[in-house]
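# Build me a model:
(2 chains)
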Number of protein chains: 2
Amino acid sequence: MKRITLPEAADALRARNNILILCHAHPDGDTLGSGYALCRALLAMGKRAAVLCADPVPKVFAFLAEGMPEPDFEPDYIVAADIATVKLMGDSVGAQYGERVDLCIDHHFTNSGYAAAVLLDDSAAAASEIVYHLLRVLQLPITPIIAECLYVGVSTDTGCFRYSNVTSGTLRIAADLIDLGADTTRINREVFETKSRSFAMLERMAMNSVETYYSGLYATVTVTQDMFRESGAGEDEFDKIAAIPRQIEGVLVGVSIREQKDGTYKISVRTNPPMNAAEIAAQLGGGGHPAAAGCTLAQSLGDSKKTLRRVVEDALRRAGKL
Amino acid sequence: MKRITLPEAADALRARNNILILCHAHPDGDTLGSGYALCRALLAMGKRAAVLCADPVPKVFAFLAEGMPEPDFEPDYIVAADIATVKLMGDSVGAQYGERVDLCIDHHFTNSGYAAAVLLDDSAAAASEIVYHLLRVLQLPITPIIAECLYVGVSTDTGCFRYSNVTSGTLRIAADLIDLGADTTRINREVFETKSRSFAMLERMAMNSVETYYSGLYATVTVTQDMFRESGAGEDEFDKIAAIPRQIEGVLVGVSIREQKDGTYKISVRTNPPMNAAEIAAQLGGGGHPAAAGCTLAQSLGDSKKTLRRVVEDALRRAGKL
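Sure, this is the predicted structure:
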């Protein structure tokens, strides 16, 4: 693994003609946005290029891939977009290409270094920010659809410019993308202001399951397999549910309890300062970041709730909140 | 009423020493953000300045006003921040100062022209954008707290950079405000990622009231006075409730039905293309914009729902959707 610069990455891409771009499995806006932006730019350079992803492109992002060729050629250069580890490629793609990646474009400081060369900027909010700079160095025209690819990447990885990873650089890139013709009004409406009917139903059920304890310092939301079945919502939409408890004013520890297909419970812990989610999850054999962490409990729902209450109560007490 | 330029407004402010700044009643982030940013900048110039608002500053925005003086002097210059009409000042402030405003800083194209001079930019997403430019022309240092005032204004009036009023200029100003020291991570968390307990309860009740018709092309949400009472939520938080129906995938017409204290129903109509909210509201004696409009119905809840269904069905039929 070798860290390379934007001009070095640009030179490497200029030198090759059959370029395969990998996105991670369960693709999100940033892996697809950075991948398809790069693909479209390489095609405009007259190269052969295509994107490969283990899973289908979600409907809301389908326009990014519209008209793009299938990966039906033998690549002489393989680029991974927004993929921190080989495992994230999905089994089939990882097995075929995981050890053959020439260039990884990434913004995760956890990048495992599996690629021959890495263009890494962990201060970037999205891999799409890095691709934006790369296209600038390559002096390629950023067409409206390329601008939309990059805008999808930058906006989705920041919760539409809401998360703590947003920098002034992120916002200036987004401004440039508007000037370059990205229809951000439509994208914002479709991506951030629209919920699938099944998700709207799951969200309603989840909100009805909210319980609060300790005068509202601790709140939980519970989602069962029955609720997934009844609503028809996918587990991929669960992130917005996990955010519900912590959003309630005064809550210091917000926990989501999600029944898995095997009957165990996946626990997501989100905290507001001064509480530490990673410390709470660690008590239960899990881990994560100070504000967001997780663990799995192989107990009944009732016992899981009791276990969580005990650990959270301890943590609140140690923090002088109880 | 005279339209003036940024340099002219800057000259006018430089010439006066006792400046009263008015915010509109039921104050939002933009009227407070633009008002307190200007107030803080004028104080830093050595002038006497204060903000006057008919209603208290909501808790979430209290930090904008921290340490600011009371309006306890006789002003020689009166500025209105983000106030389109005298009526929006509230009765008492409007009666006392409505006809005496020297300068109105506004971004509403509906500004009624009540002030002697108007600094109007209806392409600005927020009045705070205009104040940002004004402070630049005045060559005043934008301190971190002034940057936070302006960021609150710009971010709240755009739904954190999500609405169609966002321009590249909006994003570049927000980028500058980050570089000037605004703690946007904290502001985003407190303003956009936190709900009061009472609002969380009202939202849950509102979601349980959602009804859909015509295979999901039309959806309603209903909030009664009982629901306001039971939850303890204020009517000022209703905007996020009104957005619920249209957010559901496939919905072309989303309507919120809100019982008022006098027993009439305030109707908010939100549409997705090709439906036109203003046309629907106009059928019921109301009006508004193509995507968001409103009217009032003095009927029972049942009759109001029937009336709405009839008008929406007609509109969907005319649009070829039924």
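# Mind listing what's buried along stretch A:6-22?
A:6, A:9-10, A:12-13, A:16-17, A:19-22 (16 or more other C-beta atoms under 10 Å in any protein chain shown). Where you see a C-beta, it was placed from the backbone N, CA and C, and this is true even at glycine.
# next one: stretch A:123-141
By 16+ other C-beta under 10 Å, the buried positions in stretch A:123-141 come out as A:124-135, A:137-138, A:140.
# Nearest to chain B among those?
Nearest to chain B among those is A:A125, at 12.0 Å by C-beta to the nearest C-beta.
# Quick check: phi and psi at A:A116.
phi -60, psi -40 (degrees, to the nearest 10).
# So it is in contact with A:E99, correct?
No - here A:A116 lies out of contact with A:E99, judged by C-beta atoms under 8 Å, at a distance of 9.8 Å.
# out of those two, which sits in the busier spot?
Per other C-beta atoms under 10 Å in any protein chain shown, whichever of A:A116 and A:E99 has more neighbours is A:A116, with 16 against 11.
# Now do the same contact list for the more buried one.
A:1-2, A:101-103 (C-beta atoms under 8 Å, 6 or more residues apart in numbering or on different chains).
# The same query, at a cut-off of 10 Å, please.
Contact analysis of A:A116 by C-beta atoms under 10 Å, 6 or more residues apart in numbering or on different chains lists A:1-2, A:4, A:12, A:78, A:99-104.
# So which other helices or strands are in contact with the strand or helix carrying A:I280?
Assigned by DSSP states H and E, A:I280 falls within helix A:277-282. Packing contacts for helix A:277-282, counted by 3 or more C-beta pairs under 10 Å, 6 or more residues apart in numbering or on different chains; DSSP states H and E, involve strand A:253-259, strand A:265-271, strand A:287-288, strand A:292-297, helix A:301-318.
# I'd like the ones you listed written out as a markdown table, with mean neighbour count added.
Shown next, in a markdown table, are these (neighbours: other C-beta atoms under 10 Å in any protein chain shown):
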| stretch | mean neighbour count |
| --- | --- |
| strand A:253-259 | 25 |
| strand A:265-271 | 25 |
| strand A:287-288 | 16 |
| strand A:292-297 | 19 |
| helix A:301-318 | 16 |
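# can I get those in CSV with mean pLDDT and distance to B:N165?
Below are these laid out as CSV (pLDDT from 0 to 100; distance: least, C-beta to C-beta, whole Å):
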stretch, mean pLDDT, distance to B:N165
strand A:253-259, 97, 32
strand A:265-271, 95, 31
strand A:287-288, 86, 37
strand A:292-297, 93, 31
helix A:301-318, 97, 41
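# And the average pLDDT for stretch A:26-36 is what?
Across stretch A:26-36, pLDDT averages out at 96.
# now stretch A:142-151
Per-residue scores along stretch A:142-151 average to 98.
# If you drop the residues flanking it in sequence, what lies closest to A:Q260?
A:K266 (5.4 Å; C-beta to C-beta, 6 or more residues apart in numbering or on different chains).
# wouldn't the one you found be in contact with A:I241 here?
No - here A:K266 does not reach A:I241: they are 11.6 Å apart, not a contact under C-beta atoms under 10 Å.
# Give the residues shared as contacts by the two.
Joint contacts of A:K266 and A:I241 (C-beta under 10 Å, 6+ apart) are A:223, A:235, A:256, A:258.
# Okay, and the beta partners of the last one?
The bridge-partner assignment for A:R258, based on DSSP bridges, gives A:V223, A:K266.
# so where do the helices sit in chain A?
For chain A, the helices defined by DSSP state H occupy A:6-15, A:29-44, A:62-65, A:91-97, A:127-137, A:144-156, A:168-179, A:184-192, A:197-208, A:225-231, A:239-242, A:244-247, A:277-282, A:301-318.
# Can you say which of those is nearest to B:V86?
helix A:184-192 (32.0 Å; C-beta to C-beta).
# could you give the angle of the closest one to helix B:168-179?
70 degrees (axes from the mean of the first three to the mean of the last three C-alpha atoms, to 10 degrees).
# Which elements pack onto helix A:184-192?
helix A:62-65, helix A:144-156, helix A:168-179, helix B:244-247.
# Dump these into JSON lines; add mean neighbour count and distance to B:T185 as well.
As requested, the helices and strands packed on helix A:184-192 are exported to JSON lines (neighbours: other C-beta atoms under 10 Å in any protein chain shown; distance: least, C-beta to C-beta, whole Å):
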{"stretch": "helix A:62-65", "mean neighbour count": "18", "distance to B:T185": "29"}
{"stretch": "helix A:144-156", "mean neighbour count": "26", "distance to B:T185": "17"}
{"stretch": "helix A:168-179", "mean neighbour count": "22", "distance to B:T185": "12"}
{"stretch": "helix B:244-247", "mean neighbour count": "23", "distance to B:T185": "25"}
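# Would you mind putting those helices into a markdown table with distance to B:S304 alongside?
Formatted as a markdown table, these follow (distance: least, C-beta to C-beta, whole Å):
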| stretch | distance to B:S304 |
| --- | --- |
| helix A:62-65 | 39 |
| helix A:144-156 | 38 |
| helix A:168-179 | 40 |
| helix B:244-247 | 15 |
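# Out of those, which is closest to B:Q299?
Using C-beta to C-beta as the measure, helix B:244-247 is the one of these that comes nearest B:Q299, at 19.7 Å.
# and that closest one, what does it pack onto?
Checking 3+ C-beta pairs under 10 Å, 6+ apart, helix B:244-247 ends up next to helix A:184-192, helix A:197-208, helix B:197-208, strand B:218-223, strand B:253-259, strand B:265-271.
# would you turn those into JSON lines with distance to A:M89?
Below are the helices and strands packed on helix B:244-247 laid out as JSON lines (distance: least, C-beta to C-beta, whole Å):
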{"stretch": "helix A:184-192", "distance to A:M89": "24"}
{"stretch": "helix A:197-208", "distance to A:M89": "26"}
{"stretch": "helix B:197-208", "distance to A:M89": "38"}
{"stretch": "strand B:218-223", "distance to A:M89": "39"}
{"stretch": "strand B:253-259", "distance to A:M89": "40"}
{"stretch": "strand B:265-271", "distance to A:M89": "41"}
